[in-house]
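Trainee: let me see the structure of the following:
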Amino acid sequence: MEEHIKSIIKNNIQVKQGMLSEPEIINTVLKVVKEIVSCYKNGGKILLCGNGGSAADAQHIAAELSGRFYFDRPSLAAEAIHVNTSYLTAVANDYSFSQVYARYVSGAGTPGDILIGISTSGNSENIINAFSAAKNKGMITVGLSGSTGGKMKNNVDFLIAIPSDDTPRIQESHILVGHILCELVEREMFPK
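Mentor: Numbering: from 1, shown residues only. Reported below is the predicted structural model:
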């Protein structure tokens, strides 16, 4: 059991080292930070979506932006779309689960806003549909996925593809990316 724990930790570290060795990931994160800062400076908002653990990550990132990350400062507009369960279940029931995020983006998204969609496979239909709705609204789209990017890679402005096919290691890296985004955006928006 002890060796298995060590193996899990080593695998996590290997994925993070893989991220460090891929300049495209670092460059894309920097570009996304600039887009988010520009969005906020122009009065926009960030919408986030995901399923399962990725929904939890979306909610976590939204909380760090709208609450605080390292220091007290004004709130930044960020919302995880799935937190309104009455909306989510009504749309899933009346339309389909594949439309739960797209319908909200169509109603709440405005040009220049950003949609961050999180899917370890990159193939979640409701996330792909949300990206299409965001594009129709003139929003910037950011995808967080696993190594292949799945269908997501052809439907986003920015793709951060974690170099792994192991769902837990991908999710652990997604929250690392989320924390990096929150820290850098906070520093850029509220320089000390």
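
Trainee: what residues are up against Phe97?
Mentor: Asn126 (C-beta atoms under 8 Å, 6 or more residues apart in numbering). Placement of C-beta: from N, CA and C, glycine included.

Trainee: how about a cut-off of 10 Å?
Mentor: Phe97 is in contact with Asn51, Leu88, Thr89, Val91, Glu125, Asn126, counting by C-beta atoms under 10 Å, 6 or more residues apart in numbering.

Trainee: quickly find the element holding Leu144.
Mentor: Per DSSP states H and E, Leu144 falls inside strand 140-145.

Trainee: name the strands paired with that strand and say parallel or antiparallel.
Mentor: Strand 140-145 has the following strand partners under DSSP bridges: strand 114-118 (parallel), strand 158-161 (parallel).

Trainee: let's verify the residue nearest to Glu125 when sequence neighbours are not counted: helix, strand, or coil?
Mentor: Nearest residue to Glu125, sequence neighbours excluded (C-beta to C-beta, 6 or more residues apart in numbering): Ser98, at 4.5 Å. Secondary structure state of Ser98, per DSSP: H, G, I helix; E, B strand; the rest coil, is helix.

Trainee: would you agree Ser98 is in contact with Ala92?
Mentor: Yes - the pair Ser98 / Ala92 is scored as a contact, 8.9 Å apart, by C-beta atoms under 10 Å.

Trainee: next, show the common contact partners of those two.
Mentor: Here Ser98 and Ala92 have Asn126 as joint contacts, going by C-beta under 10 Å, 6+ apart.

Trainee: what's the burial count for Lys31?
Mentor: Using other C-beta atoms under 10 Å, the number of residues around Lys31 comes to 14.
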